[in-house]
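> Here's my sequence, what's the structure:
(one chain, ligands or ions: 1)
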Amino acid sequence: MSTVTRFAPSPTGYLHVGGARTALYSWLYAKKTGGKFILRIEDTDLERSTQASVDAIMDGMNWLELDWDEGPFYQTKRFDLYKEVVAQLLAEGKAYKCFCTPEEVDAMREAQMAAGEKPKYNGMWRERTDHPADKPFCIRFKNPLDGVVVIDDMIKGRIEVANAELDDLVIARSDGTPTYNLTVVVDDWKMGVTHVIRGDDHVNNTPRQMNILAALGATLPKYAHVPMILGDDGKRLSKRHGAVGVMQYRDNGFLPEALLNYLVRLGWSHGDQEIFSRDELVELFDLSACNRAPSAFNTEKLLWLNQHYIRTSPVAHVAKHLQWHVEDQKLEISNGPSLEQLIAVQGERVKTLKEMIEVSRYFYEDFSAFEENAAKKHLRPVAAEPLKAVQAHLAALTEWTAEAVHAAINGAAESLGLGMGKVGMPLRVAVTGGGNSPSLDVTLALIGKDRCLARIDLALAFIAERGEAA
Ligand SMILES: Nc1ncnc2c1ncn2[C@@H]1O[C@H](COP(=O)(O)OP(=O)(O)OP(=O)(O)O)[C@@H](O)[C@H]1O
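Numbering: from 1, shown residues only. Here you go, the predicted structure:
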């Protein structure tokens, strides 16, 4: 039987990294075993679910290239099926009508708590047949009274839960709508899910769901409960706790493979290997090697991985993702270096694609002011002579290449008997506006001759003005 896994988010916001990692593990397991990965939208909470959230979740999955083989299936479109299953359980005596009012259920719980007992529905309507004709009712599942449910969890190992701990779960509300555990059970069953890989926030639901599946005569799937990713506050990341959405990482300049590599390692390891290509992951990923403990998000490591992928990925691929930031930051790049050229000079120097564009504007745009600290330090009156000399050497060049620029800077320094630094730093501030840039020869070559000469004029004017003011 081939593997079927699923990712089943509730569309109540964007896809955050906790959900994304759980989706990734389900996706990897399906790919690894040559099976199918299903996307199911658990949208039965009508008040909180929105189509915009469904779109945001799919955007996140698309960006991470977690492609689904089937779906998205919407639970709200499957109510007839759920109702049929509830009716079947009722007809077979595996579920029953409960006429308790919410007040009665509350009173029952309060009395149990006052007596020091664990609050639990006491099954008072389980065997009754004296059903009132005109009172609303919900439908409860007849949970077995004895025995234990054993979850042979692929990550957590064996978990045993006594049936005595589980009460008779409501599977349909008094308005006839099915409840969460019922819809999940029906879908996992009808969709032929063989492996339920989900966050361990669901582990308490599992024995209840297994009992309902057994009552339906369904083959039980295998379960793998993935530990939570925790936020800085030590609580599980969730939309309600302001977790960062996957697309925010795109906006912040991360490559999808860096986030994917980071997420897979956060909770799974293969020896001490840190870098995994997608193909390697499909080959090596193994649920039994997942951590049992929760993990905390570490941005430093993600940045390190991002830098690695910026440096080592095919330049055309990085350029494709960089283009998004060009547009996002509204940079006009037609009259400057190509993105491939930019990546070649800045790739080693930045940690994110966003930063790459932020620090590269001078290649494409003139600036109206020099960075204050850099100018204070390097555009002083003593810099005027070296700047004039280097400008003359540069102006005389007949070809504008990094080598020629290099020779011109050297020539200017030698003519004045100065070290390279005395010429180089003022020149850098003059042409880039600040004190940080890739190597000067390459930088000037990419900025272009006319722009460089004009910017040196501006720097000289700035120095002159400064001299007068002093
Ligand atoms: N912090 C987390 N770490 C790992 N997995 C998570 C985390 N939060 C949710 N998941 C898993 O992601 C999947 C989708 O969950 P869901 O759509 O309910 O997201 P959610 O963030 O938990 O929602 P909400 O914030 O509304 O509680 C489930 O399998 C869930 O267990």
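
> From the chain's centroid, how far away is the helix ranked longest in the chain?
Among the segments of the chain that qualify as a helix by DSSP state H, the longest is helix 449-469. Distance of helix 449-469 from its chain centroid, counting by Cα atoms, centre = their mean, to the nearest Å, is 46 Å.

> Could I get the CA-only coordinates of that helix as CSV?
Presented in CSV, the C-alpha positions along helix 449-469 are these (Å, rounded to 0.1, in the frame of the first residue of the first chain):
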residue,chain,number,x,y,z
LYS,A,449,33.5,55.9,-15.5
ASP,A,450,31.4,59.0,-15.9
ARG,A,451,29.6,58.4,-12.6
CYS,A,452,32.8,57.8,-10.7
LEU,A,453,34.4,61.0,-12.0
ALA,A,454,31.3,63.0,-11.3
ARG,A,455,31.1,61.7,-7.7
ILE,A,456,34.7,62.5,-7.1
ASP,A,457,33.8,66.1,-8.1
LEU,A,458,31.1,66.1,-5.6
ALA,A,459,33.4,64.8,-2.9
LEU,A,460,36.0,67.5,-3.7
ALA,A,461,33.2,70.1,-3.5
PHE,A,462,32.2,68.7,-0.1
ILE,A,463,35.8,68.8,1.1
ALA,A,464,36.2,72.4,-0.1
GLU,A,465,33.0,73.5,1.6
ARG,A,466,34.0,71.7,4.8
GLY,A,467,37.4,73.4,4.6
GLU,A,468,35.8,76.8,4.4
ALA,A,469,33.5,76.1,7.2
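
> what comes up buried for it?
Neighbour counts over helix 449-469 (16 or more other Cβ atoms under 10 Å) mark Lys449, Arg451, Cys452, Arg455, Ile456, Leu458, Ala459, Leu460, Phe462, Ile463 as buried. The way it works is simple: take the backbone N, C-alpha and C, and place the C-beta from them, glycine included.

> thought the first one was touching Trp400?
Spelled out, that is Lys449. Yes - in terms of Cβ atoms under 8 Å, Lys449 counts as a neighbour of Trp400; the distance is 4.7 Å.

> got the contact list for stretch 183-195?
1-6, 8, 26, 29, 35, 38, 40, 42, 44, 70, 73, 75, 78, 81-82, 85, 154, 178, 196, 205, 209, 212-213, 216, 218, 221-224 (Cβ atoms under 8 Å, 6 or more residues apart in numbering).

> Mind checking which of these are buried?
Here, 16+ other Cβ under 10 Å leaves 3-6, 8, 26, 29, 35, 38, 40, 42, 44, 73, 75, 78, 82, 85, 154, 178, 196, 209, 212-213, 216, 218, 221-224 buried among the contacts of stretch 183-195.

> Go through those and flag which are in helices.
Short answer: the buried ones among the contacts of stretch 183-195 in helices (DSSP H) are Ser26, Tyr29, Tyr82, Val85, Gln209, Ile212, Leu213.

> Retrieve the pLDDT associated with the third one.
Read that as Tyr82. pLDDT, Tyr82: 98.

> any idea how far it is from the ligand?
Per Cβ to the nearest ligand atom, to the nearest Å, Tyr82 is found 19 Å from the ligand.
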